[in-house]
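[1] what follows is a predicted protein model with its sequence.
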Amino acid sequence: MLADLSIWHILILVVIIMLLFGSKRIPEIGRSIGKGINEFKAGLREIGSSSEELPPPPPRQGEQGNVPSASSGAPKRLSQ
């Protein structure tokens, strides 16, 4: 789809964008998009580093190896 764009298509898009936003607003829009991308990348790095720093959760009480405990979440029968 993007491979079908010729130089004329790109020039027409640039002219339309210039008419809609004006030449003074385009750099502001670019800066805003760049800041948003940088904040998103920083957030991803923060999430990745914080998950590596967390210690593994401690074992639950009542769990011993692979033996399921009574409170394993299985449904309980109310009547027999």
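    Great, that's in hand. These figures come from a predicted structure and were not determined experimentally.

[2] contacts, neighbours, all on C-alpha from now
    OK.

[3] give me the low-pLDDT residue ranges for this protein?
    Across the chain, the ranges flagged by pLDDT under 70 are 1-2, 51-57, 62-74, 80.

[4] longest helix of this protein?
    In the chain, with assignment by DSSP state H, the single longest helix is helix 25-53.

[5] from the chain's centre, how far out does that one sit?
    11 Å (C-alpha atoms, centre = their mean, to the nearest Å).

[6] most centrally placed residue in this protein?
    L44 (7.2 Å; C-alpha atoms, centre = their mean).

[7] tell me which element S79 falls in.
    Counting by DSSP states H and E, no helix or strand carries S79.

[8] could you check how many residues crowd around it?
    For S79, the tally of surrounding residues (other C-alpha atoms under 10 Å) stands at 4.

[9] can you check R77 too?
    6.

[10] same question for L5.
    9.

[11] distance of the residue nearest to the centre of the chain from I37?
    Shown here: L44 relative to I37, a distance of 11 Å by C-alpha to C-alpha, to the nearest Å.

[12] many thanks, we can stop here.
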